[in-house]
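> Based on what follows, work out the 3D shape:
(2 chains)
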Amino acid sequence: MSELIQELNEFAAEIRLETLCIIASFGNGHIGGCMSIADALAVLYGDVMNYDPADPKKKERDWCVLSKGHAGPALYAALGLKGYFPVESAYHLNEFNSRFPSHTDRTLTPGVDLTTGSLGQGISEAAGAALGNRLQGIGSYVYVFVGDGEADEGEVWEAAQFAAHYKLDHLIALIDANGRQLDGTVDEVMSHGKGLHAKFEAFGWNVIEVADGNNTAEIRDALRKAKQTSGSPTALILHTVKGKGVSIVEASGVHSAKPNQEEWKIMLEEAERKLADVRGRKGGIE
Amino acid sequence: MYTLAAPNKTDNRQNCDAYQDAMIELMKENPGIVHIDCDLMNCIHTERLKNAFPDRVFNAGIAEENAMGVACGMAATGLLPFVHTFGVFASRRILDQAYLSSGLSRLPVHVIGSDPGITAAFNGATHMTYEDCGIYMTIPNAVVLDPADYAQTYALTKKLADVQELSYMRLIRRAFKPVYEDGSDFEIGKGVLLKQGTDAVIIASGIMVCNALEAQSKLQGEGISASVIDMHTWRPLDEELVLREAVRTGCAVTAENHQVDCGLGSIVANLLIEKNPVPLERIGNHCRYGKAGPQDLLEKDYQMTAGDIVAAVHKAIARKQG
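Numbering: from 1, shown residues only, chains lettered A, B, ... in the order given. Prediction:
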């Protein structure tokens, strides 16, 4: 395993631990949907994206949009760890006048590029940002996380046809295919016909399967291929596990978890242990 | 500064060209302005813009929610998008996108809703909006405009270039009787006191300004002196002007091409009841759906004629005295 991948894995473990701390500050939240994208966030903020925490609105930055806006705490963890703000300042999730709501708000949190939470809207906004950048001669990429449950929304497919029609090759959608939504599995609640791969392909997108969407090396390879694509937007189908790395949530698969005190203790200890393990492996290489 | 057109003046220009005239100038001046349409470019002559600025005019197809979201994303990159579709879709269909992706997000997008109220005429109930402005009034920071004619549509469109908030503007498509001469200028948020009287104040917007002026003239013939305000901006409302004329004349009549229960009649009623209650009569659509027909017959059917305004003024004055 390369040193970079080791670093990304360590960053992902840090994101998981900090995400839990952020959600624990409120007591409950969307742990599952945060954990499933922790590895992709680690790859984006740890390697792929161009950004400057000292200048969050820099014109020539890459954008990261959580169309599945309920994964806010995972983004806050990544942003905090990269220096947009002290990560501990996000331990005030949903508090009165807090800058850290569970759904992302561009007016409140440094580094949050667009306001999301009403599912389907973020991918349209991301397409607009990609088009707006292109119009102004800015070569930035716009990365947008879309949930497989979120893909029930018609607006997702309006945005998909728009992005393909306007050949927005600097728009890269990371489809968090964790297979679960609020009321149950995606297949039970609202299945996707011939599948999200076939749907995005039919809409004119370049589609890349990432068999293990929680594997930083696979995600990184897929993003590299996506950036080599020209003339069409790319969708990475990240086959992820809802709650990945947090055994209790992995087992329950719930959308919004309300752990009791004992469960919080177990989850935080597990995240700390896993972080220490990754750091130990890295130490072994050195 | 404005100049009233002569009462018998006609204007054969399509009103939607006032928007295009203004946009062509704005897009020349400001490279950040873009126009997004939803497969209704031909309805408001956007081919003129498209020909002049082929790279900055986008057709989003018949997909209004995405068009609004795309506009918001473009705004986030520093551009100033104008989005057009029929008023029904520009309000009812994209409320959530307007509310969150633009309003809450503080990303300025100017939404243009064409064919307001009875001006949809033969397009009928499905395409006739009497609640579009009211829907935008529910968004806390939205600017809401209902221009009266060609000159005012042109002037207010140009003013939108300086508005850094979400806005909604109605756009009459077809030729319409002029209220103002070209070159008239208006300020967003400032009502226009067109006539000053002593017995009642008529507060109108959009196509009803024309009828309000006709009503004022008829009332004058009866010895009744009415003020007429063109309230082209519903938000921010020119409260000072409404209150001043309501206090001075002692009663008010609103006139709108819109549902009174979520429209100008309600906005004025809310203000008056809080600050200075006076008798108020409201002309407009009273909780009815739209229907197909020629505009003049619809105007009669919804009781929105100059004669209806005259009758409402009589009622308001009688209540004042009673």
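> Which pLDDT value goes with residue 166?
Assuming you mean chain A. As predicted, residue A:166 sits at a pLDDT of 98.
> look at chain B instead
At residue B:166, pLDDT is 98.
> With adjacent residues omitted, what lies nearest to residue B:74?
residue A:132 (3.8 Å; Cβ to Cβ, 6 or more residues apart in numbering or on different chains). For glycine as for every other residue, the C-beta is placed from the backbone atoms N, C-alpha and C.
> contacting residues for that neighbour?
B:73-79 (Cβ atoms under 8 Å, 6 or more residues apart in numbering or on different chains).
> next one: residue B:202
Contacts of residue B:202 were listed using Cβ under 8 Å, 6+ apart, and they are B:212, B:215-216, B:226-229, B:252-255, B:309, B:313.
> That one: what secondary structure?
Secondary structure for residue B:202, judged by DSSP: H, G, I helix; E, B strand; the rest coil, is strand.
> Please narrow the contacts of residue B:202 to those residing in strands.
Assigned to strands by DSSP state E, the following of these qualify: B:226-229, B:252-255.
> Highest neighbour count among those?
residue B:255 (32 neighbours; other Cβ atoms under 10 Å in any protein chain shown).
> which strand residues sit across from it in the sheet?
residue B:204, residue B:283 (DSSP bridges).
> can you pull the pLDDT of it?
98.
> tell me the contacts of it?
Going by Cβ under 8 Å, 6+ apart, residue B:255 touches B:202-205, B:208, B:211-212, B:215, B:264, B:283-284, B:304, B:309, B:312.
> which regions of the stretch 201-322 of chain B sit below the pLDDT cut-off?
Within the stretch 201-322 of chain B, the stretches with pLDDT under 70 are B:322.
> ranges for the helices of it?
Here the stretch 201-322 of chain B has its helices, by DSSP state H, counting those that start in this stretch, at B:208-221, B:239-249, B:264-275, B:295-301, B:306-321.
> Output those in a markdown table; the columns should cover distance to residue B:193.
What follows is these, written out as a markdown table (distance: least, Cβ to Cβ, whole Å):
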| stretch | distance to residue B:193 |
| --- | --- |
| helix B:208-221 | 12 |
| helix B:239-249 | 6 |
| helix B:264-275 | 15 |
| helix B:295-301 | 25 |
| helix B:306-321 | 17 |
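> Show me what from chain A comes close to chain B.
A:59, A:105-107, A:113-115, A:117-118, A:120-121, A:123-133, A:135-136, A:138, A:154-155, A:158-159, A:161-162, A:165-166 (Cβ under 8 Å from any Cβ of the partner chain).
> Surely residue B:119 touches residue B:294?
No. Residue B:119 is beyond contact range of residue B:294, at 11.1 Å (criterion: Cβ atoms under 8 Å).
> So which of the two has more stuff around it?
residue B:119 (24 against 10).
> what about residue B:175, distance to residue B:295?
11 Å (Cβ to Cβ, to the nearest Å).
> picking up where we left off before, and the contacts of residue B:255, which is closest to chain A?
Using Cβ to the nearest Cβ, residue B:264 is the member of the contacts of residue B:255 that lies nearest chain A, at 29.2 Å.
> State the distance from the residue lying closest to that closest one once chain neighbours are set aside to residue B:96.
Leaving out its chain neighbours, the residue that sits closest to residue B:264 by Cβ to Cβ, 6+ apart is residue B:256, at 4.2 Å. Distance from residue B:256 to residue B:96, counting by Cβ to Cβ: 25 Å.
> So which of those two has more stuff around it?
A count of neighbours by other Cβ under 10 Å puts residue B:256 above the other of residue B:256 and residue B:96, at 31 against 15.
> Might one say that the more buried one is in contact with residue B:268?
No. At 9.6 Å, residue B:256 does not count as touching residue B:268 under the criterion of Cβ under 8 Å.
> Quick check: residues of the stretch 1-150 of chain B near chain A?
So far as Cβ under 8 Å from any Cβ goes, the stretch 1-150 of chain B lies against chain A at B:34, B:55-56, B:58, B:60-61, B:63, B:65-66, B:68-79, B:81, B:96-97, B:100-101, B:104-106.
> Narrow these to those in helices?
B:65-66, B:68-76, B:96 (DSSP state H).
> quick revisit: closest to chain A among the contacts of residue B:202?
Distances from chain A to the contacts of residue B:202, taken as Cβ to the nearest Cβ, are shortest for residue B:254 (33.7 Å).
> List the single closest residue to the closest one in space, sequence neighbours excluded.
In space, residue B:254 is closest to residue B:265, 4.2 Å off (Cβ to Cβ, 6+ apart).
> Does the one you found touch residue B:252 like I think?
No. Judged on Cβ under 8 Å, residue B:265 makes no contact with residue B:252 at a distance of 9.7 Å.
> what sits in contact with each of these two?
Shared contacts of residue B:265 and residue B:252 (Cβ under 8 Å, 6+ apart): residue B:280.
> What number of residues are in the vicinity of the residue of the stretch 151-286 of chain A found nearest chain B?
With Cβ to the nearest Cβ, the shortest gap between the stretch 151-286 of chain A and chain B falls at residue A:158, namely 3.5 Å. Per other Cβ under 10 Å, the neighbour tally for residue A:158 reads 24.
> go on, residue A:54?
Around residue A:54 there are 9 other residues, counting by other Cβ under 10 Å.
> Contacts only, for it.
For residue A:54, the contacting residues are residue A:83, by Cβ under 8 Å, 6+ apart.
> hang on, it in a helix?
No. Looking at residue A:54 with three-state DSSP, it is coil, so not inside a helix.
> I'd like to know how far it sits from residue B:68.
Counting by Cβ to Cβ, the gap from residue A:54 to residue B:68 is 32 Å.
> can you check residue A:158 too?
Where residue B:68 is concerned, residue A:158 sits at a distance of 10 Å (Cβ to Cβ).
> and which of the ones in strands among the contacts of residue B:202 is nearest to residue B:126?
Checking those against residue B:126 with Cβ to Cβ, the nearest one is residue B:255 at 25.2 Å.
> Give me the buried positions along stretch B:14-26.
Across stretch B:14-26, burial judged by 16 or more other Cβ atoms under 10 Å in any protein chain shown covers B:14-23, B:26.
> Between which two of the residues you listed is the distance greatest?
The two members of the buried residues of stretch B:14-26 with the most space between them (Cβ to Cβ) are B:14 and B:26, at 18.9 Å.
> re the thing from before, quick check: ChimeraX command selecting the buried ones in the residues of the stretch 1-150 of chain B next to chain A.
Buried residues among the residues of the stretch 1-150 of chain B next to chain A (16+ other Cβ under 10 Å), as a ChimeraX selection:
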select /B:34,56,58,60,63,65,66,68,69,70,71,72,73,74,75,76,77,79,81,97,100,101,104,105,106
